[in-house]
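# Need a 3D model of the following:
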Amino acid sequence: MRSKAIKEGLERAPHRALLYATGICKTEMKKPFIGVASSFTDIIPGHIGMRDLERFIEKGIHTGGGYPFIFGIPGICDGIAMGHKGMHYSLPSRELIADMVESITQAHQFDGLVLLTNCDKITPGMLMAAGRLDIPVIVVTAGPMLSGHLRGKRLSLVNDTFEAVGKYKKGLIKDKELESLEMCACPGAGSCQGMYTANTMACVTEALGMSLPRCATALAVSADKKRIAFESGVRIIELIKRKITSRKIMTKEAFENAIMVDLALGGSTNTALHIPAIAHDAGIELPLETFDILSKRTPHLANMLPGGTHYLEDLDWAGGIPALMKRLKRKLYNNITVSGKKTYEIADSAEIVDENVIRPLEDPYHKEGGIAILRGNLAPDGAVVKQTAVSQDTMIFKGSAKVYNSEESGMKAIMNGEIKPGDVVVIRYEGPKGGPGMREMLSPTAAIAGMGLSDSVALITDGRFSGGTRGPCIGHISPEAMEGGTIGLLKDGDRIIIDIPNRKIDVMLTDEELNERKKNWKPVKPKITKGYLARYAKLVSSAGSGAIMR
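Predicted coordinates:
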């Protein structure tokens, strides 16, 4: 056991003294030491229920024959951080989380880890650490939130609060209805109810084999979630006994399984940042193009919010990720998972309860998966779109650029009514370096949707989008403006062509015109010049490679 390094031998007498100071009994010292990384916090709805889950994980570890040590990991709520300077810190926090899990685990030589997580950057950050450490690890995602209810209508955070801002501005709803939506959209604990980034990453984690079956969709408030937490605590001891480490599970084939499940769900475009970053820390190179290759042969089977109509609770009741894997079985690899069962065994044991929520391969919502990778003179290193959240009428979009050097200036123009049908809103200097931190553009895209413009206005950015974005919104444009990418050369009135079926995004300028503009280009002054974000901007790579830190 790794923990022998801190508890055995004459020279470890001081270490044992410190361990005994925690209250541990002599009888427990020979058991595996399990770190329980918990991102509990009072300010994130997806995390407020974790104190209960910590108890059930502890019970499971004790039952399995180990000894647990809980330690804290920070979390940022993207919804609360959205639309102001707080969002600069969201993606960079992924690296901090990975570093903290790595640091605490190595410093205390834990034999295994249970990672208790839920929201957007916390789950990928913890998985990145698991890939680096290559010790036995199991992940417990804390579960989705129930749908909200108002006068007989089901509600979700993005569709009924972020988009309500645009509706209110246009006069479609009044003060009283806006207040009612605020009070009712999020009824309690859990990650936001649609296939936004948090829930997408939970589903990816389960499909990757790093969580127990049904973990991703079991509701935060359910007894099922508590049982999964308990069983995960028991199971980590078995992984240690069998020497099943994270890299034995997180293989290239497992990542492709996870991507196919993501594509079948129509998940968040943020996975195009997170999955390559996790793979990188697991020692696997996963090019951005992998998403496009798999998307062309993976149909969209679950019509989830925000582009569709179903909530996470619907997916859970329909059979969860095992049921979706049953549909996809002949496309998936048969890999080992933390459960002890292989992919096909999990799929074979699943029941598909609702064929409308999880459609057959022969009757998909769309023939291709959720994500498409676009390239062209505007994004030679790639750009990302959630194509299943784009209407058929706007899969090919031609329009005139309206250029803004920050999210705030773009949002101001939208709210002031300056954006008209046929416009392509360009929000730049929001990439990993330029942001810094690659902010999500949910506020602008939701305002556009709320104003009824999502089928007549496009938005492109070197920033990124929340899983809640819908419409012809193209993110992750690489190279970004701060690196001298084409997006930094655009001017108002430039004609832009977005062709999702043919995977193209171009500005109608010749190479000579672009080269001439490049000669006169100078980057804007960095928005943040001190602290963590200044260091992050110097080290982070492009979105096309997962925005990892080199």
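# In this protein, where's the longest strand?
In the chain, with assignment by DSSP state E, the single longest strand is strand 396-404.
# list the helices and strands the helix or strand just after it packs on?
Reading on from strand 396-404 to the C-terminus, the next helix or strand found by DSSP states H and E is helix 407-415. Applying 3 or more C-beta pairs under 8 Å, 6 or more residues apart in numbering; DSSP states H and E, we find helix 407-415 packed against strand 396-404, strand 423-427, helix 442-450. C-beta coordinates here come from the backbone N, C-alpha and C atoms, glycine included.
# Any idea how far the shortest one is from the middle of the chain?
The one in question is strand 423-427. The chain centre lies 24 Å from the centre of strand 423-427; the measure is C-alpha atoms, centre = their mean, to the nearest Å.
# Give the pairing partners of that strand; include direction for each.
Partners of strand 423-427 in the sheet, by DSSP bridges, are strand 396-404 (parallel), strand 458-461 (parallel).
# Pretty sure residue 19 sits against residue 6.
Yes: with contact defined as C-beta atoms under 8 Å, residue 19 and residue 6 form a contacting pair (7.4 Å).
# Same drill for those two, tell me which one is more crowded.
Counted by other C-beta atoms under 10 Å, residue 19 and residue 6 do not tie: residue 19 has more neighbours, with 20 against 17.
# Mind telling me what element that one is part of?
Counting by DSSP H and E, the element that carries residue 19 is helix 13-21.
# List the neighbours of that helix that are in contact with it.
With contact meaning C-beta atoms under 8 Å, 6 or more residues apart in numbering, helix 13-21 is reached by 6-7, 29.
# Just the C-alpha atoms of that helix, please, in PDB.
Provided in PDB are the C-alpha atoms of helix 13-21 (Å, rounded to 0.1, in the frame of the first residue of the first chain):
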ATOM      1  CA  ALA A  13       7.000   7.500  14.600                       C
ATOM      2  CA  PRO A  14       6.300  11.300  14.200                       C
ATOM      3  CA  HIS A  15       4.000  10.600  11.300                       C
ATOM      4  CA  ARG A  16       2.000   8.100  13.400                       C
ATOM      5  CA  ALA A  17       1.800  10.600  16.200                       C
ATOM      6  CA  LEU A  18       0.200  13.100  13.900                       C
ATOM      7  CA  LEU A  19      -2.200  10.500  12.600                       C
ATOM      8  CA  TYR A  20      -3.200   9.400  16.100                       C
ATOM      9  CA  ALA A  21      -3.900  13.100  16.800                       C
END
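# Sort out which residues of that helix are buried, please.
By 16 or more other C-beta atoms under 10 Å, the buried positions in helix 13-21 come out as 15-16, 19.
# Kindly indicate which of those lies nearest residue 512.
Residue 512 lies nearest to residue 15 out of the buried residues of helix 13-21, by C-beta to C-beta, at 68.3 Å.
# picking up where we left off before, possible to save the buried residues of helix 13-21 as a markdown table with distance to residue 78?
Shown next, in a markdown table, are the buried residues of helix 13-21 (distance: C-beta to C-beta, whole Å):
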| residue | distance to residue 78 |
| --- | --- |
| 15 | 39 |
| 16 | 43 |
| 19 | 38 |
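# Looking at these, which is nearest residue 163?
Within the buried residues of helix 13-21, distances to residue 163 taken as C-beta to C-beta reach their minimum at residue 19, with 52.4 Å.
# Give the burial count for the closest residue to residue 111 other than its chain neighbours, as a bare number.
Leaving aside its chain neighbours, residue 111 sits nearest to residue 32 (4.1 Å; criterion: C-beta to C-beta, 6 or more residues apart in numbering). When neighbours are defined as other C-beta under 10 Å, residue 32 has 22 of them.
# Can you verify my assumption that residue 32 contacts residue 7?
No: applying C-beta under 8 Å, one finds residue 32 not in contact with residue 7, separated by 11.1 Å.
# what's near enough to touch the spatially most central residue of the chain?
The residue lying closest to the centre of the chain (C-alpha atoms, centre = their mean) is residue 197, at 3.7 Å. Residues near residue 197 by C-beta under 8 Å, 6+ apart: 78, 119-120, 268, 270-271, 466-467.
# what do you get if the cut-off is 10 Å, keeping everything else the same?
78, 90, 119-121, 123-124, 191, 267-271, 273-274, 440, 464-468 (C-beta atoms under 10 Å, 6 or more residues apart in numbering).
# where do the helices sit along the stretch 201-350 of the chain?
223-241, 246-249, 252-265, 271-281, 289-295, 312-318, 320-328, 343-349 (DSSP state H, counting those that start in this stretch).
# For the first one, give the mean pLDDT please.
Along helix 223-241, the predicted confidence averages to a pLDDT of 98.
# now the second one
Averaging the model's pLDDT scores along helix 246-249 yields 98.
# Ok, stretch 112-127 next?
For stretch 112-127, the per-residue pLDDT averages 98.
# Return every residue with contacts to both of residue 32 and residue 7.
residue 1.
# okay, stretch 251-270 in PDB with CA atoms only?
Only the C-alpha atoms of stretch 251-270 are listed here, as PDB (Å, rounded to 0.1, in the frame of the first residue of the first chain):
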ATOM      1  CA  THR A 251      -7.900   4.000 -22.100                       C
ATOM      2  CA  LYS A 252      -8.200   5.500 -25.600                       C
ATOM      3  CA  GLU A 253     -11.200   3.200 -26.300                       C
ATOM      4  CA  ALA A 254     -12.900   4.300 -23.100                       C
ATOM      5  CA  PHE A 255     -12.500   8.000 -24.100                       C
ATOM      6  CA  GLU A 256     -14.100   7.200 -27.500                       C
ATOM      7  CA  ASN A 257     -17.000   5.500 -25.700                       C
ATOM      8  CA  ALA A 258     -17.400   8.600 -23.600                       C
ATOM      9  CA  ILE A 259     -17.400  10.800 -26.600                       C
ATOM     10  CA  MET A 260     -20.000   8.700 -28.400                       C
ATOM     11  CA  VAL A 261     -22.300   8.800 -25.400                       C
ATOM     12  CA  ASP A 262     -21.800  12.600 -25.300                       C
ATOM     13  CA  LEU A 263     -22.600  12.900 -29.000                       C
ATOM     14  CA  ALA A 264     -25.700  10.700 -28.600                       C
ATOM     15  CA  LEU A 265     -26.900  13.000 -25.800                       C
ATOM     16  CA  GLY A 266     -26.200  16.200 -27.600                       C
ATOM     17  CA  GLY A 267     -24.000  17.300 -24.700                       C
ATOM     18  CA  SER A 268     -22.200  20.600 -24.000                       C
ATOM     19  CA  THR A 269     -19.500  21.900 -26.300                       C
ATOM     20  CA  ASN A 270     -17.300  22.200 -23.200                       C
END
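# How far does it sit from its chain's centre?
With C-alpha atoms, centre = their mean, you get 11 Å for stretch 251-270.
# Give me the buried positions along that stretch.
For stretch 251-270, by 16+ other C-beta under 10 Å, it's 251-252, 254-270.
# what about the strands in the stretch 101-250 of the chain?
Here the stretch 101-250 of the chain has its strands, by DSSP state E, counting those that start in this stretch, at 112-117, 137-141, 148-150, 153-155.
# which helices and strands does the third one pack with?
For strand 148-150, the elements it packs on are strand 153-155, helix 175-184, judged by 3 or more C-beta pairs under 10 Å, 6 or more residues apart in numbering; DSSP states H and E.
# what's the closest of these to residue 241?
Nearest to residue 241, of the helices and strands packed on strand 148-150 and by C-beta to C-beta, is strand 153-155 at 44.7 Å.
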